[in-house]
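Student: sequence below, structure please.
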Amino acid sequence: MESNSQPFDLSLLVKQSNNDREFIRSMLELFVSRMAEMVKNLEIACNKNNLKIAYSLSHKMIPSVEMIGSKRLSALLKQVNLQANQGETINQDVVKKIIFESEQVINALALWLEQEDSL
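Tutor: Sure thing, here's the model as predicted:
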């Protein structure tokens, strides 16, 4: 379960990988390395009201975000995805929340990875 102290919950990833620590680590490293750029591209697409790109990016991001158990970020991305799919102007407050929440998740995962290294 996603707790107040962590913006992610790895239980699904742990379960689906049979607790393969190397696999979990590689998935999280990939997530951390790519997510910031995807969020930046999503922000640009939303600011330009490019609904096709906003839909495509949010659609690609949702499964990864769900795999790492970030329910808040997933819900925000689903809002953008729905708005873009319905041809609506993207709510900029939601975009700001996505940026904030993704930074929280990335930073928390990076810290988790550091702590795993020290074990």
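
Student: show me the helices in the protein, by range?
Tutor: Using DSSP state H, the helices of the chain run over 11-16, 21-47, 51-67, 71-85, 92-117.

Student: I'd like those as CSV, with mean pLDDT, mean neighbour count and distance to S5 appended.
Tutor: The way it works is simple: take the backbone N, C-alpha and C, and place the C-beta from them, glycine included. CSV is the format used below for these (pLDDT from 0 to 100; neighbours: other CB atoms under 10 Å; distance: least, CB to CB, whole Å):
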stretch, mean pLDDT, mean neighbour count, distance to S5
helix 11-16, 95, 13, 15
helix 21-47, 96, 16, 17
helix 51-67, 97, 18, 18
helix 71-85, 97, 19, 13
helix 92-117, 95, 15, 9
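
Student: give me the distance between stretch 75-95 and the centre of its chain.
Tutor: 15 Å (CA atoms, centre = their mean, to the nearest Å).

Student: what is the end-to-end distance of that stretch?
Tutor: 12 Å (CA to CA, to the nearest Å).

Student: what are the contacting residues of that stretch?
Tutor: Residues from elsewhere that reach stretch 75-95, judged by CB atoms under 8 Å, 6 or more residues apart in numbering: 42-43, 46-47, 49, 51-52, 54-55, 58-59, 61-62, 65, 97-98, 101.

Student: now with 6 Å?
Tutor: The contact list for stretch 75-95 (CB atoms under 6 Å, 6 or more residues apart in numbering) reads E43, C46, N49, L51, A54, Y55, S58, H59, M61, I62, K97, I98.

Student: now for those residues, which pair is the farthest apart?
Tutor: With CB to CB as the measure, no two of the contacts of stretch 75-95 lie farther apart than N49 and I62, at 20.4 Å.

Student: from I24, how far off is the residue nearest to A45 when sequence neighbours are not counted?
Tutor: When the adjacent residues along the chain are set aside, A45 lies closest to I53, with 3.9 Å between them (CB to CB, 6 or more residues apart in numbering). Look at I53 and I24: by CB to CB, to the nearest Å, they are 30 Å apart.

Student: separation between Q6 and M27?
Tutor: Distance, Q6 to M27, using CB to CB: 16 Å.

Student: correction: the previous question concerned I106.
Tutor: According to CB to CB, I106 and M27 sit 14 Å apart.
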